[in-house]
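> here is my input, please return the structure:
(4 chains)
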Number of protein chains: 4
Amino acid sequence: MAMVCLSDFEAYAKKYLPKFAWDFFAAGADECSTRDENILAYKRIRFRPRMLRDVSMLDTRTKILGTEISFPVGIAPTGFHQLAWPNGEKSTARAAKAMGTCYIASTYSTCSLEEIAAAAPGGFRWFQLYIHRNRAVSQHLVQQAETLGFQGLVLTADLPYTGKRRDDIRNGFRLPPHMKLKNLEGAFEVCEMIPFFHCLLDSSLTWDDIHWLRSLTHLPIIIKGILTKEDAELAVRHGAQGIIVSNHGGRQLDGVPATIDALGEVVEAVQDRVEVYLDGGIRKGSDVLKALALGAKCVFIGRPALWGLAYKGEEGLQDVLRILHEEFRLSMALAGCASVSEIGRHLVQFSKL
Amino acid sequence: MAMVCLSDFEAYAKKYLPKFAWDFFAAGADECSTRDENILAYKRIRFRPRMLRDVSMLDTRTKILGTEISFPVGIAPTGFHQLAWPNGEKSTARAAKAMGTCYIASTYSTCSLEEIAAAAPGGFRWFQLYIHRNRAVSQHLVQQAETLGFQGLVLTADLPYTGKRRDDIRNGFRLPPHMKLKNLEGAFEVCEMIPFFHCLLDSSLTWDDIHWLRSLTHLPIIIKGILTKEDAELAVRHGAQGIIVSNHGGRQLDGVPATIDALGEVVEAVQDRVEVYLDGGIRKGSDVLKALALGAKCVFIGRPALWGLAYKGEEGLQDVLRILHEEFRLSMALAGCASVSEIGRHLVQFSKL
Amino acid sequence: MAMVCLSDFEAYAKKYLPKFAWDFFAAGADECSTRDENILAYKRIRFRPRMLRDVSMLDTRTKILGTEISFPVGIAPTGFHQLAWPNGEKSTARAAKAMGTCYIASTYSTCSLEEIAAAAPGGFRWFQLYIHRNRAVSQHLVQQAETLGFQGLVLTADLPYTGKRRDDIRNGFRLPPHMKLKNLEGAFEVCEMIPFFHCLLDSSLTWDDIHWLRSLTHLPIIIKGILTKEDAELAVRHGAQGIIVSNHGGRQLDGVPATIDALGEVVEAVQDRVEVYLDGGIRKGSDVLKALALGAKCVFIGRPALWGLAYKGEEGLQDVLRILHEEFRLSMALAGCASVSEIGRHLVQFSKL
Amino acid sequence: MAMVCLSDFEAYAKKYLPKFAWDFFAAGADECSTRDENILAYKRIRFRPRMLRDVSMLDTRTKILGTEISFPVGIAPTGFHQLAWPNGEKSTARAAKAMGTCYIASTYSTCSLEEIAAAAPGGFRWFQLYIHRNRAVSQHLVQQAETLGFQGLVLTADLPYTGKRRDDIRNGFRLPPHMKLKNLEGAFEVCEMIPFFHCLLDSSLTWDDIHWLRSLTHLPIIIKGILTKEDAELAVRHGAQGIIVSNHGGRQLDGVPATIDALGEVVEAVQDRVEVYLDGGIRKGSDVLKALALGAKCVFIGRPALWGLAYKGEEGLQDVLRILHEEFRLSMALAGCASVSEIGRHLVQFSKL
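Take a look at the predicted model:
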């Protein structure tokens, strides 16, 4: 079977992953409306492509928070990569480095931050943080990440509690016994059952806690999970250096907008004071182009990265990234853009349908 | 089979109820457009969730007409509960009391008001009234309800005649001989065939008759079945203390709007002079949150309550209410609301699609 | 099988009519978009029903061009009724008379005007006219209709040529040899093959020819097939007494609007100078109510009448009319209207979806 | 099987063509959204037909760039006609001539320009040009076309690189060894594998290169692939005599608008300074009428021409053109237009749905 587009990797993963693992990665909250909208919303955006521009030399590079990446697609934070591939996040880190892009490692990795850092030395990585009730755990992780060379801190803002994912409940989802949340081991006893988040995460977190976080690290802080202009403004005011427009892949509150639909108001609100990124629903290079046209500096892929891992580990994830890169480059060319800096709001319009 | 969400109860009820009973509960008028719209309309409403608010303490309590309920979901009036479970409305009353919410008992109950009151002493209940041509019957029922401790009178305004429900006609729907409309027994001879309403209900009822009703009782009067601002204004002017925005579950005039779509204009019209409630289409906790965001003080569930009864009687209905309660609490938290008073119009927007 | 709604008659006719006859009656032009839109468009119209009005006495009577009918649903002109039932248009005439409504007999009837008139003496009928190249034929028919007591002349304006109905071409549709276009027999040799219209109809017809028609008869002239305000204005100016908003059941130019969507602009254009009627897509009593709310004085049914004939001839068509009458009466009541005069534009709104 | 409409030819071609050839002709880029939108968009356009106009004499002739054609439908440039029929483009040329319309021969023809010219002497033809890195090749072709009597030069502007057509990649699409790109033979070594375009086409092409093209020939230059008003303005300013609004049949950048949706802004931008044509999605005569109503001077068919060839070569393509001609004539008549000059913007409106 030729792996031509990301859907091929999805089909492979659905076929070969254990059902409970596939279901966990695929899950959306409640009726999965937002999860599905993340994808459908792209189909309502139309390009206004420009012709007869010199697109013989194409430059897909961009910078996020000052660091260059080969093209504006990074790896979103997702947990439990060993469910997809035995080497787990180590493979993810290697693939991201090989493809010259950014990998946001999750607190809920099945490899430790040390293992991730060691697997791909010098790779460009951010660390995604859930803040636990036991603040010492979070403080330790933040400082460890900084020490290990992670270059940004991504604070997830949309998970005071875990969303209701029906299939996980039906499956009684839990990690297999041989997998561990390595970053949390030793720090305290982990309850492995879902919703284990309930007992560990600090649902009293507010914007003021960003000051505390800021006091722990020199790393730039990126807030993940913003969907409104009001919260975008608050993120800027509380010193965030970046915002990831995200609905957690549709896994938290079902009924929130597709990220590509929420992007516009966030971009307009921040007025270039900080960088805005997006995750959710990216399945083709043209989706990346649409997100950039609407103001995202970069996008991040979640489930497609896991499909790549499920296919062939590090190599499979590189295949996924390579396909996205090629498709993005082609889409740029066909839209008349020779470099990322030529991509702008003029390139798209929302279909009235 | 795990009962994870209300759809699981629906599937159970469809499988295990006799076809004529399932069809009767499921029926909508004509082509069931409105019945289905009641559910679909929620999918067109998008949340604008707010992040990083302290949602560690969640309070779902509210008050309707001065009485506290544990969360803003009550039991809508529906008839013939013995079709779903042998103990009928007695089980309904017990479940509502156990879950700390309001039960609106129907005129067409298969248990008498005395039986209902005795089954769950001290429960919070309202009585739903159809006004019959023989006004003495209605007067008796109203005064009996007041005596038995019912705390509100819900006048159904949208059934001068019964809507055309094709399946009931095809099935020749009638109550099994061993079930009785206990509240009407003895008062007069009941024709048990559908449309028995035609011969009994007073289709000449007008707003002026509310004065007559008012003269019979000290109970607050809630008008059920309002879908327009004009009628909302009339309800307020004629002394109603509450309005239930309802289309009778899509069982009366097919082609009227979904209740969640009609809610806004009613809320705007009454300007907080009376409380506004809603029934129809509530299937998830996030639906409750949307209705409250659009101005409902509380919602009522009809068919889902019957599915709960069909599953395990009192216990099954408690399961349904418990799931809705948990989902509503989680939705509040994920939207950034720690208490019901924080829910407001800012929380939602209508999708243009 | 219980005949509960018009769809039941449709299913019966589809099952029992010969395929070529079913296909002929069901046919729309090209891809049948307009035929299907005629029905779908009703689903986008929402009622604004009013409650607590005295609807104990319901009066569905109305008048068209001064003649009272029992309810505002007549029989649209369709050809070849013997394809549906052996007695053909004689049965149609009897059913219409029995139900107290108007029957528009088609030029392409398989019974003669004399036979139709004799079958139901004193019935309220209009005659539908196609104008032929041989004007003497048309003149004869018009004067015959007047003599026989037809009370109106319906000029079809939308068939200078026959629309392209793919199934009729595939089936090689033609009338069975034992059926005749009785109104055209003797006048000239009829080519029985479709598209026989091409050779007979006068495609040079213009508005000015209405003056010629007017010179032949004292009957009021109703123009059928108007879809725009411009043509509505022309119809009024050329002395039409009525307009039927019609797209020929979607059988002529595919891609024109549903009649219920075109009705508004025609009604607004004529400003009560003439009566406006509608055909196309009426399948339920609530459709009739919507059309009247949008300004139609009366609607006409085409295919449903044929389904009724196919079911049981005169009796079957009466069943169809009786169901529509009952559904219309119930819809009126549930919308809060006790009589046709209370139906108005306030009763409906177009869904934005 | 009767060939009644273009879909019949599509079904035939799908059944009888080798899969790789069908897939190649049918292919759209990525998810084929734009390919499918090209067709769907017509369904959202509604006619405003006018009645009682004299349509007894119908004239479908029009002129493009001064040359009369029998009706406003030409043959769009598509490659590899021998995949559809052994005689390839020679049959296409003959059919177009027989039907009195224009054929745009593709650079990627499997017959040479000489063969095409010789097959149908005196036929009205334009030549479609891809500009190669080796400009001498292009110069030779342009001058050869002019010498052979081609009357226009169509420069394709939307293919700096080939779009991503998944099925072609899966099929490993390549021309069978016995077929040749005759216009490119001898000039240089052709890599026959897809994407052979990548190595040959000049992706550095800009508007300025039109001056170079203009210097080679006296033929009028038509720019194909314009979808925005900005590019339409540039085309006019750079001396194009015509614009073909095209998205390459949805084969290039997936997500661009349907051509019928883009037509309006191009027509408005050029303000009659040059002629505007359209290709993409034409499947019925009424589609042609819609395109002309929105300002196209003529439309071109791509895939339907190939289906006609696949059915019966020259004769099959004539069948396709004849059906379109008849359907267009009928649509004109039913919309109230006796000649092409009567078709205008007043004839259509966009559905809000």
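
> chain neighbours aside, what residue packs nearest to residue A:63?
Using C-beta to C-beta, 6 or more residues apart in numbering or on different chains and skipping residues adjacent in sequence, the residue nearest residue A:63 is residue A:69, 7.2 Å away. C-beta coordinates here come from the backbone N, C-alpha and C atoms, glycine included.

> which residues touch that neighbour?
Neighbour list for residue A:69: A:61, A:62, A:63, A:100, A:101, A:102, A:124, A:298 [criterion: C-beta atoms under 8 Å, 6 or more residues apart in numbering or on different chains].

> can you tell me which of the residues you listed is nearest chain B?
residue A:298 (20.6 Å; C-beta to the nearest C-beta).

> residues near the residue nearest to that closest one when sequence neighbours are not counted, how many?
Leaving aside its sequence neighbours, residue A:298 sits nearest to residue A:72 (C-beta to C-beta, 6+ apart; 4.2 Å). Residues near residue A:72, counting by other C-beta atoms under 10 Å in any protein chain shown, number 27.

> I'd guessed residue A:72 sits against residue A:295; true?
No - between residue A:72 and residue A:295 there is no contact under C-beta atoms under 8 Å: 12.0 Å.

> quickly note the distance from the residue nearest to residue A:298 to chain C.
To chain C, residue A:72 is 35 Å away according to C-beta to the nearest C-beta, to the nearest Å.

> contacting residues around that residue?
Taking C-beta under 8 Å, 6+ apart as the criterion, residue A:72 is in contact with A:60, A:62, A:64, A:288, A:292, A:296, A:297, A:298, A:299, A:328, A:340.

> and those, which two are the farthest apart?
A:64 and A:328 (15.2 Å; C-beta to C-beta).

> neighbour count: those two, which is higher?
Between residue A:64 and residue A:328, counted using other C-beta under 10 Å, the more crowded position is residue A:328 (25 against 22).

> which residue is the nearest non-sequential neighbour of the more buried one?
Nearest non-adjacent residue to residue A:328, counting by C-beta to C-beta, 6+ apart: residue A:285, 3.6 Å away.

> just want the phi and psi numbers for the one you found.
phi -60, psi -30 (degrees, to the nearest 10).

> residue A:95 too?
Main-chain dihedrals, residue A:95, degrees, to the nearest 10: phi -70, psi -40.

> distance of it relative to residue A:298?
For residue A:95, the distance to residue A:298 equals 17 Å [C-beta to C-beta, to the nearest Å].

> contact partners for whichever residue of the stretch 251-353 of chain A sits closest to chain D?
Nearest residue of the stretch 251-353 of chain A to chain D: residue A:334, at 3.8 Å (C-beta to the nearest C-beta). Counting by C-beta under 8 Å, 6+ apart, residue A:334 touches A:49, D:158, D:160, D:161, D:163, D:252, D:253.

> the nearest residue to residue A:169 once chain neighbours are set aside is in what secondary structure piece?
Leaving out its chain neighbours, the residue that sits closest to residue A:169 by C-beta to C-beta, 6+ apart is residue B:4, at 5.0 Å. If you go by DSSP states H and E, residue B:4 is not part of any helix or strand.

> residue B:4 and residue A:166 touch, don't they?
Yes - Residue B:4 lies in contact with residue A:166 (C-beta under 8 Å); the separation is 5.0 Å.

> helix or strand with the lowest mean pLDDT in chain A?
Among the helical and strand segments of chain A, the one scoring lowest on mean pLDDT, DSSP states H and E is helix A:197-200, with a mean of 60.

> could you point out which element follows that one?
helix A:209-216.

> ok, and for that following helix, which residues are buried?
A:209, A:210, A:213, A:214, A:216 (16 or more other C-beta atoms under 10 Å in any protein chain shown).

> can you pull out the helices in the stretch 251-353 of chain A?
Taking DSSP state H, counting those that start in this stretch, the helices of the stretch 251-353 of chain A run over residues A:259-270, A:285-293, A:303-335.

> ok, residues contacting the second one?
Outside of helix A:285-293, the residues that reach it under the criterion C-beta under 8 Å, 6+ apart are A:42, A:45, A:47, A:71-73, A:260, A:263, A:278, A:281-282, A:299, A:323-332, A:335, A:337, A:340, A:343-348, D:30, D:253-255.

> ok now that helix, how far from the chain's centre?
Here helix A:285-293 is found 15 Å from its chain centre; the criterion is C-alpha atoms, centre = their mean, to the nearest Å.

> can I get that helix in CSV, CA atoms only?
This file holds the C-alpha atoms of helix A:285-293, laid out as CSV (Å, rounded to 0.1, in the frame of the first residue of the first chain):
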residue,chain,number,x,y,z
GLY,A,285,-0.3,20.8,3.1
SER,A,286,-3.0,23.1,1.9
ASP,A,287,-4.4,23.2,5.4
VAL,A,288,-1.1,24.5,6.6
LEU,A,289,-1.2,27.2,4.0
LYS,A,290,-4.7,28.2,5.0
ALA,A,291,-3.7,28.4,8.7
LEU,A,292,-0.7,30.6,7.8
ALA,A,293,-2.8,32.8,5.5
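
> just want the angle from it to helix A:259-270.
Here helix A:285-293 runs at an angle of 20 degrees relative to helix A:259-270 (axes from the mean of the first three to the mean of the last three C-alpha atoms, to 10 degrees).

> neighbours around the residue of the stretch 201-350 of chain A found nearest chain C, how many?
Proximity of the stretch 201-350 of chain A to chain C (C-beta to the nearest C-beta) peaks at residue A:350, 16.0 Å away. Residue A:350 has 14 neighbours, counted by other C-beta under 10 Å.

> okay but it is in contact with residue A:45, surely?
Yes - using C-beta under 8 Å, residue A:350 makes contact with residue A:45 at a distance of 5.9 Å.
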